[in-house]
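Novice: Kindly return the folded structure for what I paste below:
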Amino acid sequence: MANITLQLENHIAYVTLARPEKLNALTFEMLRELVAVGESLILQDDLRAVVLAAEGKAFCAGLDVTNFAVLAGMDSQEQIVKRTHGNANLFQQASLVWRKIPVPVICALQGVVFGGGLQIALGADVRFASPDVKMSIMEMKWGIVPDMGGMTMLPYLLRSDVLRLLTYTAEPFDVAQALEWGLVTEIYEDPIAEARKTAQEIAMKSPSAIRAAKRLIGFAEANMAQPDTVLMEESREQAALIGEPDQMEVIAAELGKRAPNFG
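Specialist: So this is what the prediction gives:
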């Protein structure tokens, strides 16, 4: 693929936005490539973690401005309202696909993380950022609203008044503010190295328990108003893990003071 690279190594997928000369600004072709890579990872049974990163001095500057003419000329019902990827359209799937991947996704951010770039990052489980990161819910600058799945995730992370202010004004904010508001998990001088380190640590945990944990967290977030339902799902996931090969290997490794081997 021209704009996205994928490397698989030791049960970890390294996905990289590779258009650094344009600050990884999103074209329609780039979105299609990103979705194709993400959807291919959903089917990888031996996958244990994903690192989502970008080449160059920026993670993503948002939609490439040269694409606005194409966007304006689209049949909005056909290209935007129509569901083409399950519950999403192409633009939404570029972000939501990372939530649909059944293993943790760690995103490494540097430079600008604007508009669609921010929404893609929100699809990750964890976001590590460099000190120079600047973010913006940028869409209002172009007379549109966030439309890449961000509104399924931002209300979980931001207070309503903060979300409204950032959406209405499109003002950029720095990484310290992003950390305080909950859009960034940690700040590191080298977020890509930290993302790789974290992915490698996760890959050493029980694969079945990690997948169960991601399912359970997603279920709990979607059913916060139904604690009885969440409690039952918690019990179902736990019952399916106890005594199974991955869990028995964890116990054997702990007792033997060795690293686990999940095959």
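Novice: Tell me, how many residues neighbour Leu26?
Specialist: Other residues near Leu26 number 25, with proximity taken as other Cβ atoms under 10 Å. C-betas here are computed from N, CA, C, even on glycine.
Novice: I figured it hits Gly117, correct?
Specialist: Yes. Leu26 lies in contact with Gly117 (Cβ atoms under 8 Å); the separation is 7.2 Å.
Novice: Which neighbours do these two have in common?
Specialist: With contacts taken as Cβ atoms under 8 Å, 6 or more residues apart in numbering, Leu26 and Gly117 have 60, 62 as neighbours in common.
Novice: what sits against Met30?
Specialist: Met30 makes contact with 3-4, 17, 19, 64, according to Cβ under 8 Å, 6+ apart.
Novice: Relative to Leu41, which of those residues is nearest.
Specialist: For these, the minimum distance to Leu41 (Cβ to Cβ) is 11.8 Å, reached by Ile4.
Novice: that older thread, Val51: which of the contacts of Met30 is nearest?
Specialist: Leu17 (11.9 Å).
Novice: How about the closest one: which residues does it bridge to?
Specialist: Ile4, Ala54 (DSSP bridges).
Novice: Next: Cys60.
Specialist: Using DSSP bridges, the bridge partners assigned to Cys60 are Val113.
Novice: before we move on, the earlier item: so which of the contacts of Met30 wins on neighbours?
Specialist: Counting neighbours by other Cβ under 10 Å, Leu17 comes out on top of those with 25 neighbours.
Novice: Could I get the CA-only coordinates of whichever strand or helix holds Gly218 as CSV?
Specialist: Using DSSP states H and E, Gly218 sits within helix 207-222. Extracted in CSV, the C-alpha atoms of helix 207-222 (Å, rounded to 0.1, in the frame of the first residue of the first chain):
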residue,chain,number,x,y,z
PRO,A,207,-3.9,-14.0,24.8
SER,A,208,-7.4,-15.2,25.7
ALA,A,209,-7.5,-13.1,28.8
ILE,A,210,-6.4,-10.0,27.0
ARG,A,211,-9.1,-10.5,24.3
ALA,A,212,-11.7,-11.1,27.0
ALA,A,213,-10.6,-8.0,28.8
LYS,A,214,-11.0,-5.8,25.7
ARG,A,215,-14.5,-7.4,25.1
LEU,A,216,-15.5,-6.8,28.7
ILE,A,217,-14.4,-3.2,28.8
GLY,A,218,-16.2,-2.4,25.6
PHE,A,219,-19.3,-4.2,26.9
ALA,A,220,-19.1,-2.3,30.3
GLU,A,221,-18.7,1.0,28.5
ALA,A,222,-21.8,0.3,26.3
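Novice: tell me which residues of it are tucked away?
Specialist: Neighbour counts over helix 207-222 (16 or more other Cβ atoms under 10 Å) mark 207-214, 216, 220 as buried.
Novice: Okay, helices next: where are they in the stretch 101-250 of the chain?
Specialist: Along the stretch 101-250 of the chain, counting by DSSP state H, counting those that start in this stretch, helices occupy 116-122, 154-157, 160-169, 175-181, 191-203, 207-222, 227-241, 245-256.
Novice: okay, the ones you listed in TSV with distance to Val145 and mean pLDDT next?
Specialist: Shown next, in TSV, are these (distance: least, Cβ to Cβ, whole Å; pLDDT from 0 to 100):
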stretch	distance to Val145	mean pLDDT
helix 116-122	11	97
helix 154-157	12	94
helix 160-169	7	98
helix 175-181	19	98
helix 191-203	29	98
helix 207-222	22	97
helix 227-241	31	98
helix 245-256	43	97
